[in-house]
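In: Here is my input, please return the structure:
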Amino acid sequence: MTLRTRTDILLIAGFCGFLYFYGAGQFGLIGADEPRYAQVAREMLDRHDWITPTLCGHPWLEKPPLYYWQAILAYAVLGVSDTAARLPSAVDATLLVVAVYLFFRRFRRGVEVDAALITASCAGVIGYSRAASMDMALTVAFAVGILAWWAWRESDCRSYLALFYACMALGVLAKGPVAPLLGAIIVVLFAAMVRELRLVVRTLWLPGILLFCAIALPWYIAVQLRNPQFFREFILQHNLARFSTDLYHHREPFWYYLPVTLLALLPWPVFVIAAFVRPLRTWWAERKSGSAAPNLELQFNLFACCWLVVPVLFFSISQSKLPGYILPAIPAGPVLLAEYLRREFEYEGPAPKWVAVLHALVAAAPIVPATLAAYLITQHRLPSGRPMLLAVGVALLLCAGIAVTLVSRLGLRMLRFVTLIPVVLAVAAVLKLGATSIDQQLSARPLARELVRLETHRLPLAVCGTSRELEFGLAFYRNQTIARYESGAVPLGEHLLVAPPNWKADIASRTVGRRVSFLGHYAAQDVDYYWVSSAGAKR
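Out: Modelled structure (predicted):
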């Protein structure tokens, strides 16, 4: 192993370790999805069942099992915890970074570390690497598959084509048929752009198709045999109906994914846009002039452009939109940018001034919300006065440093280093200054601990009028089925109850003849908690 290789490994390991793994448990699981998916994996582990996902003992067939399998392994090694629940996404993000590094080391030498660290530092990758969800598993499978397809295209080595099919199959196990569908659209669009439609036919390789089926189909067949409702729930409701209707109330405007993509590419969107526009302009000029097929270098850039655009357009058409849907497109941005830098390094010049200044502003800007995360979470606004001045001052200093460096003699060769500084500082600021507020305001973990402290023995738990996020969070942290009063599920026995203060009348109407004792108020999420006697107990 050469000195450079060891240095590369240390750099990548250090950045991935900090950006994805460090402080993964500093705040509890947030939202409805994180605790729900974590609990599904726990129940599968408890039942020793690798086929049917369950939640509260009932089949939960919304998603395929790849994340659950990964979480089961993490639980088996580390025990059940929120950190273990997030570990699969952190590992998947690291695998994504390593895959980009190895691809560039083999096919685009000279910028492999840049490509890896740019990928590692994208806001979307960092965010979802710290979430217990399926999105990162789909993204790494899809990205490795797309890179493998190009590796086959360039080298004509069938092993890469086999890897492409294997990764598309893993994508199906991660989140359903969207992976091969997007992969097929990208290949067809690229083949049309370079006027080489026979690529589509060559990609349809029988051994690869059989490999895809051997990896993807066994679980789908097994879960359908055990759960006859699977096809209706998973394919018809959670794929076709989710795409074509607003069944789950996630409607957003058509242009929604444009700002989401730019935010997910932070701090790199300025240079990614420049890297995206250049090959398209060259291709269009050559096409208008009637030139021959683009050279291989231009073709690679066009392929990466297709990779970036297709998921964004595809999900923009969808009637149901969530930010994580377009995560598989995000690695295309760093790939395009790394290839752009590889060409620019030949000239050894500074970056254009306006590009350098705009990039510096965009790269440094996240420092402000990161350092003021506690205010944003607790007050839902940025503060005025000294905290705001300090945050803006730090951001402006970073901005000036980045801009001056990029327009200096060192130019773009320092782009990676100077841009990673605000990324590291922003992540550190959120973990140091915002983690406590995130935990208290957005997670059920502190409330679950408070309820345990009050109990002399473990009691059932019910909720009334609370959010789904709190309900699923309490279900994970207490490892209990949570009854919901509004659904008519009022436990007959002695139990605890969590509800907002303004639901007292509703609680009283549902607990007639039972003692209800107020135990406390959890101010961070404005809910009360009560002890409720058994039905028929003397008041």
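In: May I ask you to name the longest helix in this protein?
Out: The longest helix of the chain (DSSP state H) is helix 82-107.
In: Which elements pack onto that one?
Out: Judged by 3 or more Cβ pairs under 8 Å, 6 or more residues apart in numbering; DSSP states H and E, the packing partners of helix 82-107 are helix 3-16, helix 33-47, helix 66-78, helix 112-120, helix 123-129, helix 135-155, helix 332-344. Backbone N, C-alpha and C define where each C-beta goes, glycine included.
In: Need those helices in JSON lines (columns: distance to residue 58).
Out: Listed next are these as JSON lines, based on distance: least, Cβ to Cβ, whole Å:
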{"stretch": "helix 3-16", "distance to residue 58": "37"}
{"stretch": "helix 33-47", "distance to residue 58": "10"}
{"stretch": "helix 66-78", "distance to residue 58": "15"}
{"stretch": "helix 112-120", "distance to residue 58": "39"}
{"stretch": "helix 123-129", "distance to residue 58": "27"}
{"stretch": "helix 135-155", "distance to residue 58": "24"}
{"stretch": "helix 332-344", "distance to residue 58": "39"}
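In: From the opening residue of stretch 464-482 to its closing one, how far?
Out: End-to-end distance for stretch 464-482: 10 Å, by Cα to Cα, to the nearest Å.
In: what about the closest residue to residue 112 other than its chain neighbours, neighbour count?
Out: Leaving out its chain neighbours, the residue that sits closest to residue 112 by Cβ to Cβ, 6 or more residues apart in numbering is residue 104, at 3.8 Å. For residue 104, the number of neighbouring residues by other Cβ atoms under 10 Å comes to 24.
In: Residue 104 touches residue 116, doesn't it?
Out: Yes - because the distance of 7.5 Å satisfies Cβ atoms under 8 Å, residue 104 is recorded as touching residue 116.
In: Could you save the helices and strands packed on helix 82-107 as JSON lines and add columns showing mean neighbour count, mean pLDDT and distance to residue 490?
Out: As requested, these are exported to JSON lines (neighbours: other Cβ atoms under 10 Å; pLDDT from 0 to 100; distance: least, Cβ to Cβ, whole Å):
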{"stretch": "helix 3-16", "mean neighbour count": "14", "mean pLDDT": "89", "distance to residue 490": "48"}
{"stretch": "helix 33-47", "mean neighbour count": "22", "mean pLDDT": "95", "distance to residue 490": "22"}
{"stretch": "helix 66-78", "mean neighbour count": "19", "mean pLDDT": "96", "distance to residue 490": "31"}
{"stretch": "helix 112-120", "mean neighbour count": "25", "mean pLDDT": "95", "distance to residue 490": "49"}
{"stretch": "helix 123-129", "mean neighbour count": "23", "mean pLDDT": "96", "distance to residue 490": "38"}
{"stretch": "helix 135-155", "mean neighbour count": "25", "mean pLDDT": "96", "distance to residue 490": "36"}
{"stretch": "helix 332-344", "mean neighbour count": "24", "mean pLDDT": "91", "distance to residue 490": "51"}
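In: For residue 390, find the nearest of the ones you listed.
Out: Closest to residue 390 of these is helix 123-129 (Cβ to Cβ; 22.4 Å).
In: Extract the C-alpha set from the closest one and format it as PDB.
Out: Output of helix 123-129 as PDB, limited to C-alpha atoms (Å, rounded to 0.1, in the frame of the first residue of the first chain):
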ATOM      1  CA  ALA A 123     -26.000  18.000   3.000                       C
ATOM      2  CA  GLY A 124     -28.400  15.400   1.800                       C
ATOM      3  CA  VAL A 125     -25.900  12.500   2.300                       C
ATOM      4  CA  ILE A 126     -25.000  13.800   5.800                       C
ATOM      5  CA  GLY A 127     -28.600  14.300   6.800                       C
ATOM      6  CA  TYR A 128     -29.900  10.800   5.700                       C
ATOM      7  CA  SER A 129     -26.700   9.100   6.900                       C
END
